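Visitor: sequence unknown, structure follows:
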Ligand code: ASP
């Protein structure tokens, strides 16, 4: 095999008519015509027809090969105007098989929608070869780059926060990780970087962001996995309007950078009450039928949410959090609006307390949510008091935050945008799985690697864990 330096990308061969080139890639298709064998060779830049005389007959599709050949302009009548490289072809001089492919378990041509999900995810590395999926993967990368660029331009600092941490109280069940060194103790995987990003404000970072993985042990639905990626950010010395403007500008820029079309240049703002009255929900779709067909993105803000709601007794995480029968609607670390701080501190008129929360809605989906936070210890303490926590429980759960709030934490607020969902919408897809490289199956099995799996007795014993199988009733 030749070095990277000697390789010509298929797309570049357009400029090299009359020259000999080295191409590397996959056999996309093969057609035998007597002594001539035609293959389409594919690499990341495109595909090109390669013609071999008395050779290549044994090649199987999807094998990886290297070709040395002459780039030739196709005769007028052989030009294929439908293909980007339809004006040229390669006269193959020699080739080497770098990896022979056997018959594939799933086809990689076509859009793959007819293949069942289990097979697509079991062979995801093949599924991602199809142009539709490859395009989404690249678009996701471009989208994240555009978000990053926009934030760097505004002086944001990218900071990584820990994956092994303690319960973060974002309203879902934690995934827990046993500690080998401390018998009977567990880490929790982060439901979001919420607390650490607030602590970065205490640390004086002022403008933080992270492309963060969040892990929540929620009941699986067709369109929800255990982990997702969010663009997480936090800013100090800002009002609700400041955060919303920053996020709106960044989102618009990134959507346009990947060729997306927006319905509104200025995102309309609805209060929660208006949204419920007009649409019956706090997520709604403002697009016309034509706009839906054209793949337009329609963003809107929803503001003025109630801080608390009655616990839904069917939701285990809510029951655990809302000991008093009240739990938070969005985020326990939010602040009540200024006018409601007094009643919040007194725990009065709980159902009327409004939080400085803002949600970003896109095409009927929740695309993101954030808030101005409590930055005073008494306010955060009061939130947990309203939810029925004792002083001891508060200390145990968020004592570290209360402490930080007493050593100069500036007023701050932030947001998190769901990257998977935005990419799904930008790609015009209806399943989140299409926006993720290696998503879980709907039954919670990991792509390709088939987790969760059993572990050895030795591993369990090292972790001080005994598995007790529930007796079948
Ligand atoms: N931490 C919140 C979430 O993950 C988002 C935020 O308020 O910044 O939903």
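Guide: Looks like it came in fine. As the structure is a prediction and not an experimental result, all values here were calculated from the model.

Visitor: what is the mean pLDDT for stretch 132-143?
Guide: Regarding stretch 132-143, the rounded mean pLDDT is 98.

Visitor: In it, which residues are buried?
Guide: Using 16 or more other C-beta atoms under 10 Å as the test for burial, stretch 132-143 gives 133, 136, 139-140, 143. For glycine as for every other residue, the C-beta is placed from the backbone atoms N, C-alpha and C.

Visitor: Kindly report the same for stretch 155-173.
Guide: Buried residues in stretch 155-173 (16+ other C-beta under 10 Å): 156, 159, 161, 165, 167-173.

Visitor: Among the residues you listed, which one lies nearest to the ligand?
Guide: residue 170 (5.6 Å; C-beta to the nearest ligand atom).

Visitor: What residues are bridge-paired with the residue in the stretch 301-450 of the chain positioned nearest to the ligand?
Guide: Taking C-beta to the nearest ligand atom, the ligand has its nearest neighbour within the stretch 301-450 of the chain at residue 416, 3.6 Å off. Residue 416 has these beta-bridge partners by DSSP bridges: residue 232, residue 369.

Visitor: thought it was touching residue 371?
Guide: No - Residue 416 lies out of contact with residue 371 (C-beta atoms under 8 Å); the separation is 10.3 Å.

Visitor: Looking at the two, which has the bigger crowd around it?
Guide: Neighbours were counted for residue 416 and for residue 371 using other C-beta atoms under 10 Å; residue 416 has more, 27 against 23.

Visitor: measure that one to residue 398 for me?
Guide: As judged by C-beta to C-beta, to the nearest Å, residue 416 and residue 398 stand 19 Å apart.

Visitor: go on, residue 85?
Guide: With C-beta to C-beta as the criterion, residue 85 and residue 398 are 60 Å apart.

Visitor: out of the two, which sits in the more crowded spot?
Guide: Counted by other C-beta under 10 Å, residue 85 and residue 398 do not tie: residue 398 has more neighbours, with 24 against 21.

Visitor: The more buried one: what's it in contact with?
Guide: By C-beta atoms under 8 Å, 6 or more residues apart in numbering, the contact list for residue 398 reads 169, 195, 380, 384.

Visitor: C-terminal to the host helix or strand of the second one, what's the next element?
Guide: Using DSSP states H and E, residue 195 sits within helix 194-202. Next helix or strand after helix 194-202 toward the C-terminus (DSSP H and E): strand 207-215.

Visitor: now that following strand: mean pLDDT?
Guide: Here the average pLDDT along strand 207-215 is 97.

Visitor: Residue 95: which of the buried residues of stretch 132-143 is nearest?
Guide: Checking the buried residues of stretch 132-143 against residue 95 by C-beta to C-beta gives residue 133 as the nearest, at 27.4 Å.

Visitor: so where does that closest one fall, helix or strand?
Guide: Going by DSSP H and E, residue 133 is in helix 131-153.

Visitor: How about the contacts made by residue 304?
Guide: Contacts of residue 304 by C-beta under 8 Å, 6+ apart are 271-273, 337, 354.

Visitor: Restricted to helices, list those residues.
Guide: 272-273 (DSSP state H).

Visitor: want to throw the contacts of residue 304 into CSV with distance to residue 445, pLDDT and neighbour count?
Guide: Listed next are these as CSV, based on distance: C-beta to C-beta, whole Å; pLDDT from 0 to 100; neighbours: other C-beta atoms under 10 Å:
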residue, distance to residue 445, pLDDT, neighbour count
271, 42, 98, 15
272, 37, 98, 18
273, 42, 97, 13
337, 44, 98, 18
354, 42, 98, 18
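
Visitor: Looking at the contacts of residue 304, point me to the pair that's furthest apart.
Guide: The two members of those with the most space between them (C-beta to C-beta) are 273 and 337, at 13.9 Å.

Visitor: what ranges do the helices span in the stretch 51-200 of the chain?
Guide: Counting by DSSP state H, counting those that start in this stretch, residue ranges of the helices within the stretch 51-200 of the chain are 117-122, 124-127, 131-153, 194-202.

Visitor: looking at those, which is buried most?
Guide: helix 194-202 (a mean of 22; mean count of other C-beta atoms under 10 Å).

Visitor: Is that helix positioned near the ligand?
Guide: Yes - counting by C-beta under 6 Å from any ligand atom, contacts between helix 194-202 and the ligand involve residue 194.

Visitor: Please work out which residues outside that helix touch it.
Guide: Helix 194-202 is contacted from outside by 159, 161-162, 165, 168, 170, 190, 208, 210, 232-234, 236, 331, 333, 373, 375, 398, 400-401, 404-405, 407-410, 412, 414, using C-beta under 8 Å, 6+ apart.

Visitor: Could you tell me which of those count as buried?
Guide: In those, the ones that pass as buried (16+ other C-beta under 10 Å) are 159, 161, 165, 168, 170, 190, 208, 210, 232-234, 236, 331, 333, 373, 375, 398, 401, 404-405, 409, 412, 414.

Visitor: Return the list of helices and strands in contact with the worst-scoring helix or strand of the chain on mean pLDDT.
Guide: Within the chain, no helix or strand scores below helix 316-321, which has a mean of 85 by mean pLDDT, DSSP states H and E. Helix 316-321 is packed against strand 326-328, with contacts defined by 3 or more C-beta pairs under 8 Å, 6 or more residues apart in numbering; DSSP states H and E.

Visitor: quick one: buried residues of the following helix or strand past the strand it packs on?
Guide: Remark: after strand 326-328, the chain's next helix or strand is helix 341-346, criterion DSSP H and E. Going by neighbour count (16+ other C-beta under 10 Å), the buried part of helix 341-346 is 341, 344-345.
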